[in-house]
Each structure stands twice: as C-alpha cells, then as structure tokens.
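Undergrad: just coords:
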Ligand SMILES: Nc1ncnc2c1ncn2[C@@H]1O[C@H](COP(=O)(O)OS(=O)(=O)O)[C@@H](OP(=O)(O)O)[C@H]1O
Ligand SMILES: Nc1ncnc2c1ncn2[C@@H]1O[C@H](COP(=O)(O)OP(=O)(O)O)[C@@H](O)[C@H]1O
C-alpha cells in the first residue's frame, strides 16, 4: 500500500470530513407562554447536544430583542416581524448543520406557518415544540415578574393574559412542563431529535 502524499487527506480523513459536512441541522422552535419553560429547556437540551458533539446555537428571545429586533415592541405586527427575523437566522444556521434552538413565544399561528414554510422551501428541517405549561402555573412561576406587573396594571398586552396565544394544533411535541423536571422535559425533546436522526 502506498503512503498517502504528504498534505493530502487520507481516505479516512476524507470520510470524516464528508460526515461533518453531511451533519443534518435543524431549527427546533419552542413556543409557549412567558415562564412556560422554553428557555430553560432550550439550554438544558443544548448542554446535552454539545456533550454529544453537536453544534448548537440558542437564539434567545431576550437577546434577539436587544440586538436583531431592537426597537420592536409587542404589537401583533412587531411580534410577527421579530419571529420572521429569527426564523431567517435560524434557517441559515440550520442549513449549515447547526441545531438552532429557538425559545421564542411566537404567539400567532400564521407567523409560525410562515416559519415552517420558509424552512420547507429551503429544504431545512423544522421541529415545532409546544411548551404547554398552563397559564396558572406560568403566572405562579413568573420568572420575570410580568404576570404580577400585568395584574397590578403596570403593563398590558401580556401573552396568554390580555394578549393572544394561539396554541399549535399539531406540534411535533407537546411538553407538559408542570408535570416534569427540567431534565425530563429536555430528555423528551432529546429523544424526539434522536428518533429523527438529528441528535
Ligand atoms: N407583553 C409581553 N408579552 C409577552 N412577553 C413579553 C411582554 N413584555 C415583555 N415580554 C418578555 O419578552 C420576552 C421575549 O419575547 P419574544 O420575543 O419571545 O415574543 S414574541 O415571539 O415576539 O411574541 C419574553 O420572554 P419569555 O418570558 O422568555 O417568553 C417575555 O419575558
Ligand atoms: N419541566 C420544566 N421545564 C422547564 N422549566 C421548568 C420545568 N419545571 C420547572 N421549571 C421552571 O420554570 C421556569 C421557566 O422559566 P423560563 O425557562 O425562563 O421560561 P420561558 O423561557 O418560557 O419564559 C424556570 O424557573 C424553570 O426552572
């Protein structure tokens, strides 16, 4: 057997690099009410996926609103614009083999449909997860104090209270976080991604 030319990749190296290039990315969108558990599950899942060697980005709603969507508010129109911008970035990442985890409320069905269609048109995998924690549980968790502020009349237009949340009719997965630990919720989503060849 002749030794490979110096500098040229061995067949094993070539295979390895082909495998890397062939890794399937996907957008995994976690939709649900404020304090439902979207962000917590996304980061717990990211830890698991990174430990398994996957490239992962979490497109956190709060961070996106500070930069990419700076200046947008919470009107129907602004929420739609926010969601479409995030979908654009997520799809780009996913099309390059990244698992883009998106814990963003996305309260309107037509906005989420547009996200799905963008991914379908590009041939990029899209997974919709409904973190279906009931509003009474979310309002007790009240991670950012928004439910208390709304009740005190300090803010209005809070999703699920005095602003719409249109529940997904047929998500790929529904997580009832009120009955689970964070790790159980993350494991359920990890199992779905494994089943679909994404993890
Ligand atoms: N009025 C109102 N309604 C809903 N949410 C509100 C509101 N004001 C501020 N926030 C906080 O904004 C966080 C980011 O929202 P998103 O970008 O995910 O919302 S949207 O998809 O554009 O509707 C969102 O983050 P999460 O709590 O992680 O869901 C909220 O905490
Ligand atoms: N199974 C679960 N999955 C996710 N979060 C949970 C779960 N059980 C309890 N929690 C708690 O609920 C809160 C959810 O907050 P967060 O993830 O910021 O919600 P969101 O991003 O949907 O606004 C956290 O304090 C988290 O520890």
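TA: Cool, the structure landed. Nothing here was measured: the structure is a model prediction, and the numbers come from that model. Ligands and ions are numbered 1, 2, ... in the order given.

Undergrad: now whichever residue of the chain sits closest to ligand 2: closest residue in space, sequence neighbours ignored.
TA: For the chain and ligand 2, the shortest gap (C-beta to the nearest ligand atom) falls at residue 37, measuring 2.6 Å. (Glycine included, C-beta is placed from N, CA and C.) Counting by C-beta to C-beta, 6 or more residues apart in numbering, residue 177 is the residue found nearest to residue 37 once chain neighbours are left out, at 4.0 Å.

Undergrad: my guess is that neighbour contacts residue 38. True?
TA: No. The pair residue 177 and residue 38 does not pass the contact test of C-beta atoms under 8 Å, sitting 9.1 Å apart.

Undergrad: between these two, who's got more neighbours?
TA: Legend: neighbour count by other C-beta atoms under 10 Å for residue 177 and residue 38, higher for residue 38 (28 against 24).

Undergrad: excluding its backbone neighbours, what's nearest residue 61?
TA: residue 104 (4.3 Å).

Undergrad: show me what contacts the one you found?
TA: Residue 104 is in contact with 29-31, 38, 59, 61, 64, 82-83, 86, counting by C-beta atoms under 8 Å, 6 or more residues apart in numbering.

Undergrad: just give me the closest of those residues to ligand 1.
TA: Among the contacts of residue 104, and counting by C-beta to the nearest ligand atom, the member closest to ligand 1 is residue 61, at 3.1 Å.

Undergrad: tell me the contacts of that closest one?
TA: By C-beta under 8 Å, 6+ apart, the residues touching residue 61 are 38-39, 86, 103-105.

Undergrad: and if you look at residue 69?
TA: 81-82, 85-86.

Undergrad: can you pull out the strands in the chain?
TA: 26-31, 56-58, 99-103, 125-131, 173-175 (DSSP state E).

Undergrad: adding mean neighbour count and mean pLDDT, write the ones you listed out as TSV.
TA: As requested, these are exported to TSV (neighbours: other C-beta atoms under 10 Å; pLDDT from 0 to 100):
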stretch	mean neighbour count	mean pLDDT
strand 26-31	28	98
strand 56-58	18	98
strand 99-103	27	98
strand 125-131	23	98
strand 173-175	19	98
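
Undergrad: show me what the lengthiest helix in the chain is packed up against.
TA: Ranked by number of residues, the top helix in the chain under DSSP state H is helix 76-95. Packing contacts for helix 76-95, counted by 3 or more C-beta pairs under 8 Å, 6 or more residues apart in numbering; DSSP states H and E, involve strand 26-31, helix 61-66, strand 99-103, helix 109-122.
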